[in-house]
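> predicted model and sequence below, questions to follow.
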Amino acid sequence: MANAVDAIKTKRDINRMKNALNGRDKDMFVFGVSLGLRISDLLTLKNGDLRGQTHLKLREGKTGKMRPIKLSKTVQLAAAKLVGPDDAYIFRSRKGVNKPISRVQAYNILKAAADRAGLDIAIGTHTLRKTFGYQLHAKGIDITRIMKIFGHSSEAQTLRYIGITAEEIEAAYEAIEV
């Protein structure tokens, strides 16, 4: 598959990425891996969408569907620190216009941070969403729930999407000792 990107699979690597970022760019990473949104939806968030909220009410750009999302404590705490008016983009461009950064700029930010963090994975903007799904799975969230969150049509599609490998499945079998 061309241009495939990976999930960040370990907490250590997630923390390395967070440490390689700051300010707006760190918020983009934290909100991205915490909300599981497509980058096109993530970049259009405004301060008022998250600040002081317990839920995000989002109409997905790709599907047009309304998607209510319960905000984790991590997201609520980060959102409380946002500065600027409610109608300002969270990930606004620094070019002096009230527009969000572009997908290309988001990619450049993530790629540079991954290089600084020493991560040896295929990174891209979709890494944020895949990391969200992988971390849910790692925490024991049922794959059918993750499938529903992503709007996938099969469990196999979701497992491929979040990067569950044959080696990880084999390791699960090895972990069982009765």
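Looks like it came in fine.

> what about residue 98, distance to residue 26?
Between residue 98 and residue 26 the distance is 21 Å, computed by Cβ to Cβ, to the nearest Å. For every residue, glycine as well, the C-beta is placed using N, CA and C.

> so which of those two has more stuff around it?
Neighbour count, other Cβ atoms under 10 Å: between residue 98 and residue 26, residue 26 has more, with 17 against 12.

> what pLDDT is listed against the more buried one?
Model confidence at residue 26, given as pLDDT, is 96.

> contacting residues around it?
Neighbour list for residue 26: residue 18 [criterion: Cβ atoms under 8 Å, 6 or more residues apart in numbering].

> ok, now residue 121?
So residue 121 contacts 5-6, 8, 13, 114, 127 (Cβ under 8 Å, 6+ apart).

> what of residue 71?
Contact analysis of residue 71 by Cβ under 8 Å, 6+ apart lists 35, 50, 53-56, 79.

> which pair in the contacts of residue 121 spans the largest distance?
Spanning the widest gap among the contacts of residue 121 are 5 and 13, at 13.9 Å by Cβ to Cβ.

> dump the longest helix seen in the chain to PDB, restricted to CA.
If you go by DSSP state H, the chain has its longest helix at helix 103-117. C-alpha atoms of helix 103-117 as PDB (Å, rounded to 0.1, in the frame of the first residue of the first chain):
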ATOM      1  CA  ARG A 103      -2.700  19.500   6.100                       C
ATOM      2  CA  VAL A 104       0.800  19.900   4.600                       C
ATOM      3  CA  GLN A 105       1.900  22.000   7.500                       C
ATOM      4  CA  ALA A 106       0.500  19.500  10.000                       C
ATOM      5  CA  TYR A 107       2.400  16.800   8.200                       C
ATOM      6  CA  ASN A 108       5.600  18.800   8.300                       C
ATOM      7  CA  ILE A 109       5.200  19.500  12.000                       C
ATOM      8  CA  LEU A 110       4.600  15.800  12.800                       C
ATOM      9  CA  LYS A 111       7.400  14.600  10.500                       C
ATOM     10  CA  ALA A 112       9.900  17.000  12.100                       C
ATOM     11  CA  ALA A 113       8.900  16.000  15.600                       C
ATOM     12  CA  ALA A 114       9.200  12.300  14.800                       C
ATOM     13  CA  ASP A 115      12.700  12.900  13.500                       C
ATOM     14  CA  ARG A 116      13.600  14.900  16.700                       C
ATOM     15  CA  ALA A 117      12.100  12.100  18.800                       C
END
